[in-house]
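1. model this:
(3 chains)
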Amino acid sequence: MANWHEWAELLERVREENPLVHNITNVVVTNWTANGLLALGASPVMAYAKEEVGEMAKLAGALVLNIGTLNDKEVEAMLVAGQAANEAGVPVIFDPVGAGATRYRTETARRIAEQVKLAVIRGNAAEIANMIGEAWTIKGVDAGGGSGDRVALAKRAAEQLGAVVAITGKEDVVADGQTTYLIQNGHPLLTKVTGAGCLLTSVIGAFAAVERDAAAAAVAALVYYGVAAEQAAAKAGERGPGSFQTAFLDALAYTSVDDVKRHGRVEQR
Amino acid sequence: MANWHEWAELLERVREENPLVHNITNVVVTNWTANGLLALGASPVMAYAKEEVGEMAKLAGALVLNIGTLNDKEVEAMLVAGQAANEAGVPVIFDPVGAGATRYRTETARRIAEQVKLAVIRGNAAEIANMIGEAWTIKGVDAGGGSGDRVALAKRAAEQLGAVVAITGKEDVVADGQTTYLIQNGHPLLTKVTGAGCLLTSVIGAFAAVERDAAAAAVAALVYYGVAAEQAAAKAGERGPGSFQTAFLDALAYTSVDDVKRHGRVEQR
Amino acid sequence: MANWHEWAELLERVREENPLVHNITNVVVTNWTANGLLALGASPVMAYAKEEVGEMAKLAGALVLNIGTLNDKEVEAMLVAGQAANEAGVPVIFDPVGAGATRYRTETARRIAEQVKLAVIRGNAAEIANMIGEAWTIKGVDAGGGSGDRVALAKRAAEQLGAVVAITGKEDVVADGQTTYLIQNGHPLLTKVTGAGCLLTSVIGAFAAVERDAAAAAVAALVYYGVAAEQAAAKAGERGPGSFQTAFLDALAYTSVDDVKRHGRVEQR
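-> Predicted coordinates for the structure are as follows:
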């Protein structure tokens, strides 16, 4: 593996370049996603109308598609934006929220993966499994407690989908088909903040905007995000999920490359 | 009355069973509602497309319908989801936000009550009055300062609508047609947090998911919510509405059955 | 200039009259906008459906239109609401988010300005310039670092658009065609909170609801908002953008007329 300490420095590059990240995301997490990207040092934009998404996607450093509250108009806009991004060489990051929970979500997730070239797909194990037609329990939009082999799943999905796949959970797995990385940062309180996964997908977008090696961008984003969560939990975790949420936005801003290098736990498989 | 102290223990059941609550709610409060349900210990999902709401509602422990920012597509989805929930025996909780403010809201609220069997309807006095064709002042989506008899109103509405009715305000009233309960917990700072009522409706949904006696579920949810608000106000109230909001999410997580029993003020009429 | 200290007292009038502010705004900032208006002491309502926006706008003290995540249905609703407000003499405040970023936004912003009589338009320099067909760099929905003469731009825009124009940024400019005001309050952390500009537009709406001199309302709103930000930054700024956001909601509630008079920095040009 390239030394992941080098990749950790992408955080600094995000803050210097302040990339524009175009999000077509769900109505639950729009505000949280925008604030998280601002805290990181990126520049968020949300634009959903088919009349403008192609133009906006081409202006952006990365495009993030998230089907958390999908509807027919937004799916159409995602396809238009995704294809415009592909033409312009803008990396597309995909979050298949709830794939497997309803047929509409599963089919839409697969349709987007077929019609748009994706750089990174981030989801929980159930969502990723359902994208490649494998069974995995899912509860609403959260992964069930399936105990399958997540490393093997990430590899298979990366091969079949032709994209870097990040499966997040207690331990995060990033696979690009050849190499697999495990990241052991993060904190259980993240599961008490809605959109923690959705924001992470957008953070991967910010890193992918400044680094064309999508696996490097994903690993760097995940380890930064996990370390920030640990720092926030240490400051405010015992007070509860509201205080943690506020502290996490703070931590996304103050977490430094040094913090990431010192506290990151990344290994290659 | 059954001893309401027994009902207070439903809080523990929610935390053990972690019920899936499907919300079709307004764009102002989606994030807040999801975070509040997570803090409580329930599992929120938002899904709005007619292509999937029936399937999602059947998977859920409760379905919550909220017309705060209604439009024709969402109303259609609410009816589809509501009827699917009815078929599957999933309780439906309804929040008629702003009924009485515009004709569209009043008519939609009545239409939903006619076409979907509702377990609990929660609103302010003006909204509930307008649902049964009685005059009550309303200002935007907030109740005016009407001084009508809220206990009698709740009873009449419960009879006419065939559902448990919860009228919330300075004092909360729950009526199931036979019995009426008064809950005197809560805090004025709740009126400074947008969606405090909307989240409460979804919290009733979480309780109704684990207890088929809808009046018991509503009373238990209201007293828990009011006690949590009091604890949050004691911790952070003097700092302002932003700090209160954060402290309230914390309190939704740490408020215990014992806290509720100790501080709850419930009486039967 | 009228003594701006007199205008500062409009804050008290907002808190006494608690005006209803009808917002048709973007999905990123709905919750934040509602909470900010509540903290100020106004009464927010969001209503988007063409079936009801005309009725709601006529009930309101002010109507705020914001194209941050526009789509064809919402634009139609904005025009219906705007014309209803015009008929009823309700002031309309406009936020042309991202005008200049895509053709759709630029054209929609101009269309709204043509078809609705606007009392105040608030935007960054790039958005205002693009509304009157002048070039200015824009990045996503944020103003680029253009160094043009913002005072002259505000004057030209006010004349051409026939409305009070507020250009906000490091220094705020308010122009009504005759007179120009500079406000030097605020804090850089506002740029780290999504929707800081959008909420400000709605706050101008609350002030315009109690004062028909739109320039006075805009100046009073801007200086209050800037002073509140300074107080929040002094309390929580060093902790990060999450803590600042919470502290800012608190400050919107506790900032007094005296605070504004003491810390306001307003001059006439």
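2. Now do the buried residues in stretch A:154-163.
-> A:154, A:155, A:156, A:157, A:158, A:161, A:163 (16 or more other Cβ atoms under 10 Å in any protein chain shown). Where you see a C-beta, it was placed from the backbone N, CA and C, and this is true even at glycine.
3. which residues of the stretch 151-269 of chain A fall in helices?
-> In the stretch 151-269 of chain A, helices defined by DSSP state H, counting those that start in this stretch lie at A:196-210, A:214-236, A:241-254, A:257-263, listed in chain order.
4. Is it possible to get a markdown table of the ones you listed that adds distance to residue B:83, mean pLDDT and mean neighbour count?
-> Below are these laid out as a markdown table (distance: least, Cβ to Cβ, whole Å; pLDDT from 0 to 100; neighbours: other Cβ atoms under 10 Å in any protein chain shown):
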| stretch | distance to residue B:83 | mean pLDDT | mean neighbour count |
| --- | --- | --- | --- |
| helix A:196-210 | 30 | 98 | 28 |
| helix A:214-236 | 41 | 98 | 25 |
| helix A:241-254 | 34 | 98 | 26 |
| helix A:257-263 | 51 | 98 | 16 |
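5. Pull out the buried positions in stretch A:90-106.
-> For stretch A:90-106, the neighbour count (16+ other Cβ under 10 Å) marks A:90-102, A:104-106 as buried.
6. Endpoints of that stretch, how far apart?
-> One end of stretch A:90-106 sits 25 Å from the other (Cα to Cα, to the nearest Å).
7. Not counting its neighbours along the chain, what's nearest the most centrally placed residue in chain A?
-> The centroid of chain A falls nearest to residue A:201 when counting by Cα atoms, centre = their mean (1.7 Å). In this structure, residue A:201 finds its nearest non-sequential neighbour in residue A:95, 4.0 Å apart by Cβ to Cβ, 6 or more residues apart in numbering or on different chains.
8. any idea of the pLDDT on the one you found?
-> As predicted, residue A:95 sits at a pLDDT of 98.
9. swap in residue A:2?
-> We have a pLDDT of 62 for residue A:2.
10. With the one 10 residues further on instead?
-> Residue A:12 carries a pLDDT score of 98 in this model.
11. Please apply the same query to the one 3 residues further on.
-> pLDDT for residue A:15: 98.
12. of all the helices of the stretch 151-269 of chain A, which lies closest to residue C:54?
-> Set against residue C:54 and scored by Cβ to Cβ, those come closest in helix A:196-210, at 35.1 Å.
13. Any regions of the stretch 1-150 of chain A where pLDDT drops low?
-> The stretch 1-150 of chain A contains residues with pLDDT under 70 at A:1-2, A:137-148.
14. who in the stretch 151-269 of chain A is up against chain C?
-> Within the stretch 151-269 of chain A, the positions lying close to chain C (Cβ under 8 Å from any Cβ of the partner chain) are A:245, A:246, A:247, A:248, A:249, A:250, A:251, A:252, A:253, A:254.
15. near chain B too, which of the residues you listed?
-> Within those, those near chain B by Cβ under 8 Å from any Cβ are A:245, A:246.
16. Tell me the one of the residues of the stretch 151-269 of chain A next to chain C nearest residue A:18?
-> The nearest member of these to residue A:18, counting by Cβ to Cβ, is residue A:253 at 13.3 Å.
17. these two touch, right, the closest one and residue C:192?
-> Yes - using Cβ atoms under 8 Å, residue A:253 and residue C:192 qualify as a contacting pair, with a distance of 7.2 Å.
18. With adjacent residues omitted, what lies nearest to residue A:216?
-> Sequence neighbours aside, residue A:7 is the residue nearest to residue A:216 in space, at 4.6 Å (criterion: Cβ to Cβ, 6+ apart).
19. got the phi/psi numbers for the one you found?
-> Per-residue torsions, residue A:7: phi -60, psi -30 (degrees, to the nearest 10).
20. Just name the closest of the buried residues of stretch A:90-106 to chain C, please.
-> Minimum distance to chain C across the buried residues of stretch A:90-106 is 13.1 Å, recorded for residue A:90 (Cβ to the nearest Cβ).
21. What distance do you get for the residue nearest to the centre of chain A to residue A:224?
-> Distance of residue A:201 to residue A:224, given as Cβ to Cβ, to the nearest Å: 14 Å.
22. How about residues contacting stretch A:111-123?
-> Residues external to stretch A:111-123 that are found in contact with it (Cβ atoms under 8 Å, 6 or more residues apart in numbering or on different chains): A:65, A:67, A:75, A:78-79, A:82-83, A:85-86, A:91-97, A:99, A:128, A:131, A:157, A:161-168, A:197, A:200-201, A:204, A:208, A:214, A:217-218.
23. surely residue A:55 meets residue C:103?
-> Yes - here residue A:55 reaches residue C:103: they are 6.7 Å apart, a contact under Cβ under 8 Å.
24. wait, does stretch A:28-43 make contact with chain C?
-> Yes - counting by Cβ under 8 Å from any Cβ, chain C has neighbours in stretch A:28-43: A:30, A:31, A:34, A:35, A:38, A:39, A:43.
25. What number of residues are in the vicinity of residue A:3?
-> For residue A:3, the neighbour count with other Cβ atoms under 10 Å in any protein chain shown is 8.
26. If you could redo that for residue A:115, that was the one I meant.
-> By other Cβ under 10 Å, the residues close to residue A:115 number 12.
27. try residue A:211
-> Residue A:211: 19 neighbours (other Cβ under 10 Å).
28. so it makes contact with residue A:217?
-> Yes - Residue A:211 is within contact range of residue A:217, at 4.6 Å (criterion: Cβ under 8 Å).
29. Excluding chain neighbours, what is closest to residue A:49?
-> residue C:71 (4.5 Å).
30. Sorry, slip of the keys, the one I care about is residue A:4.
-> Spatially, and ignoring its direct neighbours in sequence, residue A:4 is nearest to residue A:266 (4.5 Å; Cβ to Cβ, 6+ apart).
31. now residue A:58
-> Per Cβ to Cβ, 6+ apart, closest to residue A:58 is residue A:88, 4.3 Å.
32. How about residue A:181?
-> Closest residue to residue A:181 apart from its sequence neighbours, by Cβ to Cβ, 6+ apart: residue A:174 at 4.5 Å.
33. on that earlier part again, what do residue A:253 and residue C:192 both touch?
-> Contacts common to residue A:253 and residue C:192, judged by Cβ under 8 Å, 6+ apart, are A:39, C:241.
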